[in-house]
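Q: this is a predicted model, with the sequence first.
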Amino acid sequence: MNNIYNEATRVQMPALVHLERLGYNYFGKITEDMAGTVYEPDTNILIDIFKQQFEQLNPEHKGEAEQILKSIIQELDNDDLGKSFYHRLSSTSPVKLIDFDDFTKNAYHCTAEFTCKNGQDEFRPDITLFVNGLPLVFIEVKKPNNHGGMLAESGRMNRKRFPNKKFRRFINITQLMIFSNNMEYDAEGGIVPIQGAFYCTAAKQSAPFNCFREENPMNDDIAPYIKEYPYKAIDTEIEKKILKDFNNQVIHTSPEYQTNLNVNTPTNRIITSMCSPERLLFILKYGIAYVNMEREVDGKIETINQKHIMRYQQMFAAFAIRDKLAEGIKSGVVWHTQGSGKTALSYYLSYILSDYFARNNKVAKFYFIVDRLDLLEQASQEFEARGLVVKTANSRAELMEQFRNNQAQEGNSGQQEITVVNIQRFAEDKEKVNLPSYATNLQRIFIIDEAHRGYNPKGSFLANLFDADENSIKIALTGTPLLAAERESWKVFGNYLHTYYYDIRQKAERP
């Protein structure tokens, strides 16, 4: 009897049933003889579902689904880590592939053992998730205590699948990859966990496996999002079909299978956290960044092209900031430990908050404030590498001209813009800042980097800048907040919007 318990029965089948609870419809087993009719074999797109959803989401483009599908197939062949496809996926104009405003308008499906094949080369993800027929997520599972832990799975992805050009279309269309051996995180004496549930996005050669820790401020036994999610009841007929399709009917009543259906197993937990429809659409819309930069290596210029996915602490900070803004709070501190990617968070926020204020009929304009020239150069390079248009101000007159400009975008590219300001350049400037008094729908957002450095809240150019627009949003980023009584960061900029300080988290949090 023990022989029947493997990764399929312990992790894969319970995860597939759990996806049904999240609102995914089990598509059924997909076999190679369905190629060209049920699915498009070069991309594994579900043909009929894609066409039906396209026409529902784009009624004014009726009859164009076939051509759009052909265009997607072509651009997925690009050696660009799927960048051109991602821009199509995340865009809502001229056509949309996903309704990001109303997740109920999309179709969600799942299946298992769906082969990705090109000629003689193939791999078979344990679980594939579809949004409107597009295979955007796959999940690989192993049984607990598998040989080599998840390091073995990381090696397989990074050495065999990512570099294989025959898998390019399948890797380019996949936005999120999850790997789990259904164990709690365990570094086994090291620093980096090698057991647990991890995630990444596409890479040309190597992608880091990221942990995911669901927000749980009170350290409850089960994190609130996992505990309170409105799960659907398991449809016993669909459950039986899943088990039958993969020859696992015998496990249906076993205690081990029933235990692994628990919503709080490591695998089911990360699936809820990242693949519940609301969360998944957020990640697809805002959580992907393409990073293109040049650096000098041994006297030679090397071009780096990477695809990044939002870290969990960045996602929860974005949620918290959005919630606080909705409550009318305009200022506060984000305390994230050093190395957590605060510049990347600022990049993501430029899109998240632009859309947030657009829904309130306001146009957001972003300023990133640093206090050293080297930080200005570093931040500017990081923003530009991610595709933002960066403005800098070398004089008070130049900054004031930008500050008075009521356009969120000064250029003609249509790309997202951000102004990076080195506040030390204006340290001695005490002159009051005056702005036009007429009403505008412009929302200025100041993101202050390294806020623990001691920005003077009184009598400074920065204070005058803030005072000139009392409706501006001020988000202070820090890794090590000031603790001196008079200059605590939260007293200068407001209460904490979000904290993340692993291992001493409860000490870090402030009411």
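A: Cool, got the structure.

Q: can you give me the strands in the stretch 251-400 of the chain?
A: With DSSP state E, counting those that start in this stretch as the criterion, the stretch 251-400 of the chain has strands at 288-297, 300-309, 331-336, 363-370, 389-392.

Q: of all the ones you listed, which one is nearest residue 405?
A: With CB to CB as the measure, strand 363-370 is the member of those nearest residue 405 (8.2 Å). In this view, the C-beta of every residue, glycine as well, is placed from N, C-alpha and C.

Q: in that closest one, what counts as buried?
A: Residues 363-370 are the ones in strand 363-370 that count as buried (16 or more other CB atoms under 10 Å).

Q: ok, longest helix in the protein?
A: Assignment by DSSP state H gives helix 342-358 as the longest helix of the chain.

Q: quick one: buried residues of it?
A: For helix 342-358, the neighbour count (16+ other CB under 10 Å) marks 342-354, 356-357 as buried.

Q: what about residue 168, how many residues nearby?
A: Residues near residue 168, counting by other CB atoms under 10 Å, number 20.

Q: just residue 212 next, same as before
A: Residue 212 has 20 neighbours, counted by other CB under 10 Å.

Q: any idea how far it is from residue 269?
A: Distance from residue 212 to residue 269, counting by CB to CB, to the nearest Å: 8 Å.

Q: ok, residue 45 next?
A: Applying CB to CB, the value for residue 45 to residue 269 is 29 Å.

Q: so who does residue 155 touch?
A: Each residue near residue 155 by CB atoms under 8 Å, 6 or more residues apart in numbering is listed here: residue 148.

Q: distance from the chain centre to the helix or strand hosting it, please.
A: Using DSSP states H and E, the element containing residue 155 is helix 149-156. Centroid displacement of helix 149-156 relative to its chain, using CA atoms, centre = their mean, to the nearest Å, is 22 Å.

Q: give the buried residues for that helix.
A: Across helix 149-156, burial judged by 16+ other CB under 10 Å covers 149-150, 153-154.

Q: cool, and stretch 265-283?
A: 265-276, 279-283.

Q: what is the end-to-end distance of stretch 323-343?
A: This stretch, stretch 323-343, spans 21 Å end to end (CA to CA, to the nearest Å).

Q: no wait, stretch 463-473
A: Terminal residues of stretch 463-473 lie 13 Å apart, using CA to CA.

Q: and it, what's its mean pLDDT?
A: Stretch 463-473 shows a mean pLDDT of 84.

Q: over to stretch 352-362?
A: Average pLDDT, stretch 352-362: 95.

Q: same deal with stretch 235-249?
A: Stretch 235-249 shows a mean pLDDT of 95.

Q: what do you get for stretch 52-68?
A: Mean per-residue pLDDT for stretch 52-68: 97.

Q: what about stretch 367-380, how long is it end to end?
A: End-to-end distance for stretch 367-380: 12 Å, by CA to CA.

Q: residues contacting that stretch, please?
A: Against stretch 367-380 from outside (CB under 8 Å, 6+ apart): 343, 346, 383, 390, 392, 418-424, 444-450, 453, 455, 462.

Q: among the residues you listed, which are located in helices?
A: When DSSP H is applied, these are split such that 343, 346, 383, 462 fall in helices.

Q: low pLDDT regions in this protein?
A: Scanning the chain for pLDDT under 70 picks out 1-5, 190-191, 406-414, 427-429, 436-439, 452-459, 481-491, 501-511.

Q: quick revisit: between residue 212 and residue 269, what contacts are shared?
A: Residues touching both residue 212 and residue 269 by CB under 8 Å, 6+ apart: residue 197.

Q: can you tell me which two in the ones in helices among the contacts of stretch 367-380 are farthest apart?
A: Greatest spatial distance in the ones in helices among the contacts of stretch 367-380: 383 and 462, 20.1 Å, computed using CB to CB.

Q: what's the burial count for the closest residue to residue 115 other than its chain neighbours?
A: In this structure, residue 115 finds its nearest non-sequential neighbour in residue 124, 4.7 Å apart by CB to CB, 6 or more residues apart in numbering. Neighbours of residue 124 under the rule other CB under 10 Å: 13.

Q: what about residue 124, distance to residue 116?
A: Here residue 124 is placed at a distance of 7 Å from residue 116 (CB to CB).

Q: residues shared between the contacts of these two?
A: Shared contacts of residue 124 and residue 116, defined by CB under 8 Å, 6+ apart, are absent.

Q: quick one, strands of the stretch 401-511 of the chain?
A: Counting by DSSP E, counting those that start in this stretch, one finds strands in the stretch 401-511 of the chain at the ranges 417-422, 442-448, 473-478, 496-500.

Q: what sits against the residue positioned nearest the centre of the chain?
A: A centroid search over the chain (CA atoms, centre = their mean) returns residue 287, at 2.5 Å, as the residue closest to the centre. Shown in contact with residue 287 (CB under 8 Å, 6+ apart): 309-310, 315, 348.

Q: 6 Å instead?
A: Residue 287 makes contact with 309-310 under the criterion CB atoms under 6 Å, 6 or more residues apart in numbering.

Q: same question for residue 433.
A: Counting by CB under 6 Å, 6+ apart, residue 433 touches 464-465, 468.

Q: picking up where we left off before, nearest to residue 244, of the strands of the stretch 251-400 of the chain?
A: Across the strands of the stretch 251-400 of the chain, residue 244 has its closest neighbour in strand 300-309 (34.9 Å, CB to CB).

Q: and the contacts of residue 433, which is closest to residue 97?
A: Nearest to residue 97, judged by CB to CB, of those is residue 465 at 41.1 Å.

Q: related to what we said a few turns ago, need the strands of the stretch 251-400 of the chain in CSV (columns: distance to residue 22).
A: Shown next, in CSV, are the strands of the stretch 251-400 of the chain (distance: least, CB to CB, whole Å):
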stretch, distance to residue 22
strand 288-297, 21
strand 300-309, 20
strand 331-336, 29
strand 363-370, 32
strand 389-392, 38
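
Q: now do the phi/psi pair for residue 135.
A: With angles defined as degrees, to the nearest 10, residue 135 sits at phi -80, psi 90.

Q: give me the number of residues near it?
A: Look at residue 135: counted by other CB under 10 Å, it has 24 neighbours.

Q: over to residue 312?
A: As a burial measure, residue 312 scores 19 neighbours (other CB under 10 Å).

Q: for residue 295, same thing?
A: By the other CB under 10 Å criterion, the neighbourhood of residue 295 contains 10 residues.

Q: distance of the closest residue to it other than its chain neighbours from residue 82?
A: The shortest distance from residue 295 to any non-neighbouring residue, by CB to CB, 6+ apart, is to residue 302 (5.6 Å). Residue 302 sits 22 Å away from residue 82, going by CB to CB.

Q: which one's more surrounded, these two?
A: Taking other CB under 10 Å, residue 302 and residue 82 do not tie; residue 82 has more neighbours (24 against 10).

Q: ok, and the closest non-adjacent residue to that one?
A: Spatial nearest neighbour of residue 82, excluding adjacent residues (CB to CB, 6+ apart): residue 172 at 3.3 Å.

Q: C-terminal to the helix or strand where residue 178 lies, what's the next element?
A: Using DSSP H and E, residue 178 sits in strand 176-180. On the C-terminal side of strand 176-180, the closest following helix or strand by DSSP H and E is strand 197-200.
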